[in-house]
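> Mind looking at a prediction? Sequence and model below.
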Amino acid sequence: MVRTLLYLLGGLLLGLVIHLVVILILPRISENAAYTQVASFEALNRTTLLALPKAGEANPLHLDPDMSYGLCKLDLSAGPGEVTGTLPLAFWSVAVYDSTGTVLYSTTNRDGIGQTLDLGIFDPAQTRLLAEQKIDISPGLLIVEARTDEVFVVVRLAPPHPSVRDRYEAQLERLACRNIAI
């Protein structure tokens, strides 16, 4: 009886360890991860529009065809990142992701931001310098702390009508995406 309970307990612990290892390791070694797909875009320190999916074609990033998407990659080892600009009055959202595809920060214009996007992204050392007031930033800058130096920012914009999509996408593409000089 005791031996059977020990075997059950051992099997349960082994199953738990295997389960945790698979859950924690598999996303990091996956070749189909979001960051792997985003890395192929030429968007380092600039905003790049993502092509909208066409009906019947593959949509690996699961983009909504009614939205317009701007992508910006930043390397925080070159300094804190900044994404700034003015967006149309239509609905928009911004999300900051790290290299594992984890959302670090997300907000929409419905949170009282209005049309102006002013977002600063800092690594832990840069955040410490910011707290010590050794980095000058513009007032009103939304501050996001990233655990890794490689981050990407996705801005989604919902044009209210297809006829204004080109104008809205031009405004989306004008977002400044750069490193702040320290």
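Ah, there it is.
> Roughly how far does the nearest residue to residue 109 once chain neighbours are set aside sit from residue 168?
With sequence-adjacent residues excluded and distances taken as C-beta to C-beta, 6 or more residues apart in numbering, residue 109 is closest to residue 92, at 5.2 Å. Just so you know, the C-beta spots here come from the backbone N, C-alpha and C atoms, and that holds for glycine as well. To residue 168, residue 92 is 9 Å away according to C-beta to C-beta, to the nearest Å.
> joint contacts of these two?
In terms of C-beta atoms under 8 Å, 6 or more residues apart in numbering, residue 92 and residue 168 are both contacted by the residues residue 157.
> Which of those two has more residues huddled nearby?
When residue 92 is set against residue 168 and neighbours are counted by other C-beta atoms under 10 Å, the residue ahead is residue 92, at 25 against 19.
> Please state the offset of whichever strand or helix holds residue 12 from the chain centre?
Assigning secondary structure by DSSP states H and E places residue 12 in helix 2-29. If you compare the mean C-alpha spot of helix 2-29 with that of the full chain, they lie 32 Å apart, counting by C-alpha atoms, centre = their mean, to the nearest Å.
> Report all helices and strands that it contacts.
Using 3 or more C-beta pairs under 8 Å, 6 or more residues apart in numbering; DSSP states H and E as the contact test, no helix or strand touches helix 2-29.
> show me what contacts residue 178?
Taking C-beta under 8 Å, 6+ apart as the criterion, residue 178 is in contact with 45, 81, 82.
> is it true that the first one touches residue 180?
No: under the criterion of C-beta atoms under 8 Å, residue 45 makes no contact with residue 180, lying 11.3 Å away.
> Look at these two and report which has more neighbours.
Under the criterion of other C-beta under 10 Å, the comparison of residue 45 against residue 180 puts residue 180 first, with 18 against 15.
> where does the closest residue to the more buried one other than its chain neighbours land on pLDDT?
Counting by C-beta to C-beta, 6+ apart, residue 80 is the residue found nearest to residue 180 once chain neighbours are left out, at 4.6 Å. Here, the pLDDT recorded for residue 80 equals 91.
> contacting residues for residue 80?
Contacts for residue 80 were tallied using C-beta under 8 Å, 6+ apart; they are 120, 121, 122, 123, 126, 130, 135, 179, 180, 182.
> Closest one of those to residue 8?
Of all those, the one sitting nearest residue 8 is residue 123; the distance, using C-beta to C-beta, is 46.2 Å.
> Give me the number of neighbouring residues for that closest one.
Should you count by other C-beta under 10 Å, residue 123 turns out to have 19 residues around it.
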